[in-house]
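Asks: Please work out how this folds:
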Amino acid sequence: MAEEVLLPSSGRLTSHLTGSLLAVAFLSSFGSSMLYGYNLAVVNSPAVYIKDFYNRTVLSRNGTGLSGETLTIMYSLTVSVFAIGGLVGSLIVGMLVTRFGRKGTVVNTTVLVFIAGSLMGFSRICGSPEMVIIGRFITGIHSGISLSAVPMYLGEIAPKNLRGFLGLVPSIFIGTGEEHWPVFLSVVVVPTFIQLMLLPWFPESPRYLLIEKHNVHATITALKWYRTRCNIQVEIEEMQEEQRSLSSVETLSVWKLLLDDSVRWQVLSVMVINVGMQLSGIDAIWFYTNNIFENAGIPGPEIQYTTAGTGIIEIFAGLVGCFTIEKLGRRPLMIGGFTMMGICSAGITLALILQAHLSFMRYISVCCVVGIIAGFCIGPAGVPFLITAELFKQSHRPAAYIVGGSLNWISNFTVGFVFPFLQMSAGSFCYMVFAVICLSVAVYVYIVIPETKNKTFMEISRMFSKKEAVLETQGLIHVDQLKLKKISGYGGLNHASLEFDSSSSVP
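Replies: Below is the predicted model:
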């Protein structure tokens, strides 16, 4: 059985993975995050059948079919309305996690999946394209809530040295049609049903129970559940330190968060990595994989096998990121992932230009698509949500997820709706836009965001503290009380952070 060990020399807590932690990570991700990845890609393979259904339905209603352009707009709406729902979900998640708790929000919102699955599953029988679009919208709301609530839940129940591992478990599931396309659209209810049956038996986030609900008994019970046979005193003291620091601070609204100068660079960083995650072009790859392969000249019968192969790569890359994040850190996975995506996006452009002269270039374009997906799943798929939890205290975290999630979904919608038209107007060069964005985000992460691996939320907060940076710059803190530690640059404030000597720090 896994357990925690208190290291006497440092006063720090080293935790090992328990069965309870692993089970709750898989359950919450299986019934939530997996649906996000599934719903991104599920409309890709049956696109022809969905368009045919739309056309035949309109023909039977009006006696006239849809024009090619109208059909493209209608299908693009079907693809991108998922992101509109996601935006709605991300805007209300802060209110939900504060009222119902982290786990409570994940469990209670499963009802949305059952409603959406029913609408999409019976859409063809009812002859209603509207049911498909509304169903996609509702699944988007659920995903918008889940993509914030699940990482927040896992980030708060995990000990600091396992926060990265558990935080990236959802990214594995994000990476995991078609005459019977209504069945494919409605099958989302299956993992959600399994989650609904099992997840309620697990405790709520200990940090939520102590800091927001002030329930010490429930906090101790939850910690014992997730940290079997452990000494939880140090972890409770760390939570109480954060609780004391927030004793006079209420949960911030989005507006107050944006006006708070003390977290200006954290907010900007969350904005950049969430927008970059979607404008990297990954949604264009997922939404239109078959079209990309078709334009690359891949024979029709081979496309289905190529698409299936990319799914295997997604899962493998997600596992690589999950099992290496605590060793390598957050920054290398994000920098490496975005850089790999940028290079491969430029590679697709080059391959599509040259394939008329060199037939083998079509397979280079396939390799670049696989490279983009692998680069995304290694880091950018999950680290932005994890970083959002790590960069903020309990009072700021819900609002930070609203900001990051909203920008994430707005960007998702933009790419999903605009990409077909961008592809028609810019041709092969449309992928260069994504290449520039990916490489720019990689540079930003390298220059601005420090490593947060194996640090408590309070330590991360101190590291980003503008007040400490100013005090250090002005030499107002005695050198014998502090030791300076160089970190990667932090915007325009400074290139050094302060770390209190162990003799004066709180465990």
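Asks: For residue 127, see how far away the residue of the chain most remote from its centre is.
Replies: Computed with CA atoms, centre = their mean, the maximum C-alpha offset from the centroid of the chain is found at residue 63, amounting to 44.2 Å. Applying CB to CB, to the nearest Å, the value for residue 63 to residue 127 is 15 Å. (Glycine included, C-beta is placed from N, CA and C.)
Asks: Could you pull up the mean pLDDT of the longest helix belonging to the chain?
Replies: Longest helix of the chain, by residue count under DSSP state H: helix 68-100. The average pLDDT for helix 68-100 rounds to 87.
Asks: Renumber starting at 255 from here on
Replies: Sure, I'll start numbering at 255, so the last one becomes helix 322-354.
Asks: How far away from the center of its chain is the helix or strand following that helix?
Replies: The helix or strand immediately downstream of helix 322-354 is helix 356-362, counting by DSSP states H and E. Distance, stretch centre to chain centre, for helix 356-362: 17 Å (CA atoms, centre = their mean, to the nearest Å).
Asks: Extract the C-alpha set from helix 356-362 and format it as CSV.
Replies: This file holds the C-alpha atoms of helix 356-362, laid out as CSV (Å, rounded to 0.1, in the frame of the first residue of the first chain):
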residue,chain,number,x,y,z
ARG,A,356,-15.0,20.2,-6.9
LYS,A,357,-16.3,16.6,-6.9
GLY,A,358,-19.9,17.7,-6.4
THR,A,359,-19.7,19.8,-9.6
VAL,A,360,-18.3,16.8,-11.6
VAL,A,361,-21.0,14.5,-10.4
ASN,A,362,-24.0,16.9,-10.6
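Asks: helices or strands up against it?
Replies: helix 322-354, helix 383-411, helix 443-452 (3 or more CB pairs under 8 Å, 6 or more residues apart in numbering; DSSP states H and E).
Asks: outside of whichever helix or strand comes after it, which residues touch it?
Replies: Scanning forward in sequence from helix 356-362 by DSSP H and E, the next helix or strand is helix 364-375. The contact list for helix 364-375 (CB atoms under 8 Å, 6 or more residues apart in numbering) reads 285, 289, 385-386, 388-393, 395-396, 399, 436-437, 439-443, 446-447, 449-450.
Asks: go again using 7 Å as the cut-off
Replies: The contact list for helix 364-375 (CB atoms under 7 Å, 6 or more residues apart in numbering) reads 285, 289, 385-386, 388-389, 392-393, 395-396, 436-437, 439-440, 442-443, 446, 449-450.
Asks: Give the buried subset of those residues as a PyMOL selection command.
Replies: Applied in PyMOL, the following selects the buried portion of the contacts of helix 364-375 according to 16 or more other CB atoms under 10 Å:
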select buried, resi 285+289+385+386+388+389+392+393+395+396+436+439+440+442+443+446+449+450
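Asks: Leaving out sequence neighbours, find the closest residue to residue 391.
Replies: residue 339 (4.2 Å; CB to CB, 6 or more residues apart in numbering).
Asks: So the one you found sits against residue 389, correct?
Replies: No - if you go by CB atoms under 7 Å, residue 339 and residue 389 don't touch, sitting 9.7 Å apart.
Asks: which secondary structure elements does the host helix or strand of residue 379 contact?
Replies: Per DSSP H and E: residue 379 is located in helix 377-380. The helices and strands touching helix 377-380, judged by 3 or more CB pairs under 7 Å, 6 or more residues apart in numbering; DSSP states H and E, are helix 383-411.
Asks: Show me which residues of the helix it packs on are buried.
Replies: 383, 385-411.
Asks: Give me the angle between that helix and helix 364-375.
Replies: Per axes from the mean of the first three to the mean of the last three CA atoms, to 10 degrees, the angle that helix 383-411 makes with helix 364-375 is 150 degrees.
Asks: tell me the strands in this protein, going along the chain?
Replies: 258-261, 266-269, 736-744, 748-754 (DSSP state E).
Asks: returning to that earlier point: out of the helices and strands packed on helix 356-362, which gets nearest to residue 584?
Replies: Among those, helix 383-411 comes nearest to residue 584, with 12.0 Å by CB to CB.
Asks: what mean pLDDT does the closest one have?
Replies: Mean predicted lDDT for helix 383-411 stands at 88.
Asks: quick check, distance from that helix to the centre of its chain.
Replies: 11 Å.
Asks: same check, this time on stretch 677-695
Replies: Per CA atoms, centre = their mean, the centroid offset for stretch 677-695 relative to its chain is 22 Å.
Asks: mind listing what's buried in that stretch?
Replies: 677, 682, 684, 685, 686, 687, 688, 689, 691, 692, 693, 695.
Asks: mind listing the helices for the stretch 405-554 of the chain?
Replies: Here the stretch 405-554 of the chain has its helices, by DSSP state H, counting those that start in this stretch, at 417-428, 435-440, 443-452, 460-461, 470-480, 487-499, 508-513, 518-533, 536-541, 543-549, 554-582.
Asks: JSON lines for those, including distance to residue 708 and mean pLDDT?
Replies: Listed next are those as JSON lines, based on distance: least, CB to CB, whole Å; pLDDT from 0 to 100:
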{"stretch": "helix 417-428", "distance to residue 708": "8", "mean pLDDT": "68"}
{"stretch": "helix 435-440", "distance to residue 708": "41", "mean pLDDT": "68"}
{"stretch": "helix 443-452", "distance to residue 708": "29", "mean pLDDT": "84"}
{"stretch": "helix 460-461", "distance to residue 708": "17", "mean pLDDT": "88"}
{"stretch": "helix 470-480", "distance to residue 708": "18", "mean pLDDT": "87"}
{"stretch": "helix 487-499", "distance to residue 708": "13", "mean pLDDT": "79"}
{"stretch": "helix 508-513", "distance to residue 708": "26", "mean pLDDT": "87"}
{"stretch": "helix 518-533", "distance to residue 708": "19", "mean pLDDT": "90"}
{"stretch": "helix 536-541", "distance to residue 708": "28", "mean pLDDT": "72"}
{"stretch": "helix 543-549", "distance to residue 708": "37", "mean pLDDT": "70"}
{"stretch": "helix 554-582", "distance to residue 708": "7", "mean pLDDT": "77"}
